[in-house]
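Asks: need a structure here:
(2 chains)
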Amino acid sequence: MEDKITSEKESLEIISKMIQSSKNNIQVGRGNFFLYYGYFTAILSVIIYTLVVLTQNDMWSWGWMLMFVFQFLVSYKRRQNKPTVVTYTDKVIKQIWMVFGFMFSLTFIIIAILGEIYGHYKLSLMMPLSLLYCGLGISIHGIIIRERWMIFSPLVAFIVAFYMLMMLAINQPVRIEWYLYLGFSFVVMQIIPGHILNRKAKRQC
Amino acid sequence: MLKELDPLLHSQLRLAIVSILMSVDEADFVYLREKTNSTAGNLSVQIDKLTTAGYIEANRILEGKKTRTLCKMTDIGRKAFEEYIEALKSYLVIKK
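Replies: The predicted structure follows:
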């Protein structure tokens, strides 16, 4: 690129060309975030379900704590591979996920504190609430990037979450199949959109 | 009367850098080099000029063994860019 501008029209051309090129910042692998969480949660739900059924020991449900370990590992990896450009959209999306991540941790802390006070840990609440937080996050993310499947796919998670909350509200016991419902919801709202996003990005780049 | 075009922005590469930074939150040196199709040396010189004028902020951060330069518009730079666009408009209206 030369240093001299020959006309005002050229200035406008440079401005519009540069804004256009940075606007179409579609990166290959942008669906990976969903794929990591989606596959991990779906596989973990099947493993925990199988272990609880085989051993008849509910202690395996503590395996869900691995989600926190996984979250830490994913955040660490993302910090290592910082993108070359951060658009305003990326920034907003990151902040939205930070809010939902915070709500997830806060829910866990409050359940733990109340458990300590009343001697009864209602960890089963984490399942419907995780589905709601995650579903809302994906839906909002989908609205921002205008990805139809992401906007509507969390509907499955919302239905499952409301079903679980209703069952808990009427004092019904937590059913072991709920783990599988949770895994299935993550397949629909994270794995499928993740692959769709990656395929679209590959086609456009 | 025609407004004077900011000489700092009235250069192909500097205008390209600022236009990109106006449309994103922050961009690193490699991204700017790819988008502007410029050489590392030239880009570095122009970034320095824009930084000295206070139009952009360039932060050098260490990532492992590598150094990355992250660039971002400042409020002064945004104002200068908006004024540049206004001045451009007046030139284009007269030429019509």
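Asks: center of chain B, which residue is that?
Replies: The residue lying closest to the centre of chain B (Cα atoms, centre = their mean) is B:V18, at 2.4 Å.
Asks: which residues of chain B fall in strands?
Replies: Using DSSP state E, the strands found in chain B span residues B:26-28, B:56-63, B:66-73.
Asks: list the helices and strands the second one packs on?
Replies: In terms of contacts (3 or more Cβ pairs under 8 Å, 6 or more residues apart in numbering or on different chains; DSSP states H and E), strand B:56-63 is packed against helix B:12-23, helix B:40-52, strand B:66-73. Glycine gets a C-beta too; all of them are placed from N, C-alpha and C.
Asks: residues from chain B in reach of chain A?
Replies: By the rule Cβ under 8 Å from any Cβ of the partner chain, the part of chain B lying against chain A is B:5, B:10-13, B:15-16, B:19-20, B:22-28, B:30-31, B:34-38, B:42, B:63-64, B:68, B:84-85, B:88, B:91-92, B:95.
Asks: these two touch, right, B:K49 and B:L9?
Replies: No. B:K49 lies out of contact with B:L9 (Cβ atoms under 8 Å); the separation is 10.5 Å.
Asks: in terms of neighbours, single out the busier of these two.
Replies: B:L9 (25 against 16; other Cβ atoms under 10 Å in any protein chain shown).
Asks: list the buried residues of stretch B:21-31.
Replies: By 16 or more other Cβ atoms under 10 Å in any protein chain shown, the buried positions in stretch B:21-31 come out as B:21-29, B:31.
Asks: what's the span of it, first residue to last?
Replies: Stretch B:21-31 stretches 11 Å from its first residue to its last (Cα to Cα, to the nearest Å).
Asks: do a quick rundown of the strands in chain A.
Replies: A:85-86.
Asks: show me the shaky parts of chain A.
Replies: A:1-4, A:6, A:24-29, A:205 (pLDDT under 70).
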